[in-house]
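Visitor: need a 3D model of the sequence below.
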Amino acid sequence: MQISMWVPYDEQRLRRSARFVLRSSMTRLRVATLVVALSGAAVMLLTDLGSPTLLGATIAAACVALVMEPVAVRQVVRTQGAVMRPGYQMTLDDAGVEMRGAAFTTRFGWPALERIVEQPDAWYLMFGKMQTMVVYKEFLTPEQGAEFSAFLSWPQPA
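Guide: The predicted model follows:
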């Protein structure tokens, strides 16, 4: 297999990818923060410890739970955007996947691939919990898409 494609910068596509990658960790953090906020509210309701400090901490925890994902996504776009803005060349071959931009080169071999998540618009190649390479289907010809899909369905070496 030898597939190569040019991937132009698109901020909305980068935001979708960042939300996908951050989703599981943000969900756990959001649940933990909401538990803290609800615990604080319960303490205030059930006891006479309704101090301004506890009230402030409870409100702050609830606010953090609501805004942490958008803030994290914005941070990813801000830090990745400058490097990704010129676009990059993505190459998929029998050995692995490579992204090559004006200021970076990243390559992962297929043995490092932990899981693949297929979405309607892309394949998310997960090389760990937070390291992902995204193969956008819109930049593949139908033949390349079929070839890559067949390659991914073939048992990979452990």
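Visitor: which stretches of the protein form strands?
Guide: 2-7, 88-93, 96-101, 105-109, 115-118, 122-126, 132-136 (DSSP state E).
Visitor: out of these, nearest to residue 73?
Guide: With Cβ to Cβ, the closest approach to residue 73 among those belongs to strand 132-136: 13.9 Å. Where you see a C-beta, it was placed from the backbone N, CA and C, and this is true even at glycine.
Visitor: now do that closest one and strand 2-7, the angle between them.
Guide: Strand 132-136 and strand 2-7 are oriented at 90 degrees to each other (axes from the mean of the first three to the mean of the last three Cα atoms, to 10 degrees).
Visitor: what packs against strand 132-136?
Guide: Under the contact criterion of 3 or more Cβ pairs under 8 Å, 6 or more residues apart in numbering; DSSP states H and E, the helices and strands touching strand 132-136 comprise helix 11-46, strand 88-93, strand 96-101, strand 122-126.
Visitor: give me the buried stretch members for the first one, please.
Guide: Taking 16 or more other Cβ atoms under 10 Å as the basis for neighbour counts, the residues of helix 11-46 that come out buried are 13-18, 20-22, 26, 29, 33, 36-37, 40-41.
Visitor: any idea of the angle that helix forms with strand 2-7?
Guide: An angle of 70 degrees separates the directions of helix 11-46 and strand 2-7 when computed by the same axes, to 10 degrees.
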